[in-house]
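# the following block contains a protein sequence and its predicted model.
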Amino acid sequence: MQTMVSNTHARVMAVMAVMAVMATVRTAMVLTTGFLLIAGCTPTVKVATDEPITINLNVNIKHEILVKVDRELDDLFSEDSGLF
């Protein structure tokens, strides 16, 4: 009876060891497959023209005009202007 229990225990331990190895191999396979799928889908961008890219910087600057008008209004409404 003791030998039978011992053999059963040994078999169970062997099966558990094989299952652990199989789980490790399965995990490694899933990770490898995932890595290959991600590495295979690398996006690339190609420019279809040989001309250089130009950036148009035509910007109207109106700040100077607004400051001049603001200063003129300050001078107009100042206390010593005599308007009020």
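Thanks, I have the structure now. Numbers count the residues shown, from 1 in each chain.
# where along the protein do the strands fall?
With DSSP state E, there are no strands along the chain.
# check the offset of the helix ranked longest in the chain from the chain's centre.
In the chain, with assignment by DSSP state H, the single longest helix is helix 2-40. Distance of helix 2-40 from the chain centroid (C-alpha atoms, centre = their mean, to the nearest Å) equals 36 Å.
# what is the lowest-mean-pLDDT helix or strand in the chain packed up against?
One helix or strand of the chain scores below all others by mean pLDDT, DSSP states H and E: helix 63-76, with a mean of 72. With contacts defined as 3 or more C-beta pairs under 8 Å, 6 or more residues apart in numbering; DSSP states H and E, helix 63-76 has no helix or strand neighbours. Backbone N, C-alpha and C define where each C-beta goes, glycine included.
# can you pull the alpha-carbon coordinates of it into CSV?
Taking C-alpha atoms only, helix 63-76 is exported to CSV below (Å, rounded to 0.1, in the frame of the first residue of the first chain):
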residue,chain,number,x,y,z
HIS,A,63,0.5,95.4,-32.5
GLU,A,64,2.4,98.5,-33.3
ILE,A,65,-0.6,100.3,-34.7
LEU,A,66,-2.7,99.4,-31.6
VAL,A,67,0.0,100.7,-29.3
LYS,A,68,0.2,104.0,-31.2
VAL,A,69,-3.6,104.5,-31.0
ASP,A,70,-3.7,103.5,-27.3
ARG,A,71,-1.0,106.1,-26.6
GLU,A,72,-2.8,108.8,-28.5
LEU,A,73,-6.0,108.1,-26.6
ASP,A,74,-4.1,108.2,-23.3
ASP,A,75,-2.7,111.6,-24.3
LEU,A,76,-6.2,112.8,-25.3
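# how far away from the center of its chain is that helix?
For helix 63-76, the distance to the chain centre is 47 Å (C-alpha atoms, centre = their mean).
# likewise stretch 39-46?
15 Å.
# now do the end-to-end distance for that stretch.
19 Å (C-alpha to C-alpha, to the nearest Å).
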